[in-house]
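Q: Fold the following, please.
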Amino acid sequence: MERRPATTIWIGYFLLLSLYVNLTTDMFDAGNVPAWFAYWACFFILAFLVSKYLLRLEGLNALGMQRQRGWLRHLGIGFVLGSSVYALKYLVFYEFGKFDVAGMAEPSFVLPMLGQALLAMFFSSILNDITIRGYWFAYFQRRQLLAWYVFAATVLYALDDSIHAGFDFLNLTFSTILGLAFAYTVHKTGAIWMSLGLHWGGNMMYRVMYGFDGQGMWQLENVQEAPLYNYVSLLITALMLPAVYFILRGRRESTRTLKQVTEEQAVV
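A: Residues are numbered from 1 along each chain as shown. Modelled structure (predicted):
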């Protein structure tokens, strides 16, 4: 019988990947483009080595990146849904007087910013999806404990996100809602693609509004802060939950083996 790595080993390698994702970027300037590409490339190399040679899995495929039937469609659906929910949130903010729009920024600023946002938000999202949802899906699948997967992945994402956004009730609740929606799609599809689309689409729409330094596509004025907007944000973000449920309703949870998943690779 194949001997499986102990849970403590999985935790150790998870911490290794998490530390790489969260600490490495402190070593170079945010405007250093070659360093960012090197950082992203090295993550995939590290994740592959951990999966293939340390955990004895099927490389990146085992971490949720298997290209099973319909993977591109799942990615696209997730992106449209994630960006639409965030767009609705900002539209409601505008209607409720959170900010005024003075006009649109110059195309010479908007176009490069959008290109940067598409690329940067894709990689920031996929690194998080692999490290948390893909990695732990592989663990719970091998242990035949998938009934606990959504709970565990949601808690891990909420804690990870709160480290960056701050530990308070609203931030934790917001992260929990997102984490639950993301993890549910992985549990139902057996891959990270729809979760990645949701994550990428939401992050992309955030950059459309606020850019990387507070200036997005539109010039915002008289920006207001009030508890009302926090609760509106939670309520609208929570729409992702029934949305992904109805999109994936009737689909059985993925219980395929890693070997079966690999055999479906590259089928779109």
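Q: could you measure residue 108 against residue 114, distance?
A: Look at residue 108 and residue 114: by CB to CB, to the nearest Å, they are 12 Å apart. Backbone N, C-alpha and C define where each C-beta goes, glycine included.
Q: Now do the same for residue 213: helix, strand or coil?
A: Taking DSSP: H, G, I helix; E, B strand; the rest coil as the rule, one finds residue 213 in the coil state.
Q: which stretches of the stretch 151-268 of the chain aren't confidently modelled?
A: For the stretch 151-268 of the chain, the stretches with pLDDT under 70 are 252-268.
Q: which residues in it form strands?
A: In the stretch 151-268 of the chain, strands defined by DSSP state E, counting those that start in this stretch lie at 218-221, listed in chain order.
Q: Which of residue 108 and residue 114 has more residues huddled nearby?
A: Shown here are residue 108 and residue 114; by other CB atoms under 10 Å, residue 114 has more neighbours (16 against 8).
Q: which ones are touching residue 51?
A: Applying CB atoms under 8 Å, 6 or more residues apart in numbering to residue 51 gives the contacts 57-60, 62-63, 138.
Q: Number of residues surrounding the nearest residue to it once chain neighbours are set aside?
A: Of all residues not flanking residue 51 in the chain, residue 57 sits nearest, at 4.5 Å (CB to CB, 6 or more residues apart in numbering). If you count neighbours by other CB under 10 Å, residue 57 ends up with 20.
Q: Residue 128 and residue 237: what is the separation?
A: 17 Å.
Q: rewinding a little: let me have the contacts of residue 51 in a markdown table, adding secondary structure and distance to residue 165 as columns.
A: Output for these, formatted as a markdown table (DSSP: H, G, I helix; E, B strand; the rest coil; distance: CB to CB, whole Å):
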| residue | secondary structure | distance to residue 165 |
| --- | --- | --- |
| 57 | coil | 31 |
| 58 | coil | 34 |
| 59 | helix | 32 |
| 60 | helix | 28 |
| 62 | helix | 30 |
| 63 | helix | 25 |
| 138 | helix | 27 |
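Q: Could you dump those into JSON lines and include distance to residue 32?
A: Converted to JSON lines, these look like this (distance: CB to CB, whole Å):
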{"residue": "57", "distance to residue 32": "32"}
{"residue": "58", "distance to residue 32": "33"}
{"residue": "59", "distance to residue 32": "29"}
{"residue": "60", "distance to residue 32": "26"}
{"residue": "62", "distance to residue 32": "32"}
{"residue": "63", "distance to residue 32": "27"}
{"residue": "138", "distance to residue 32": "32"}
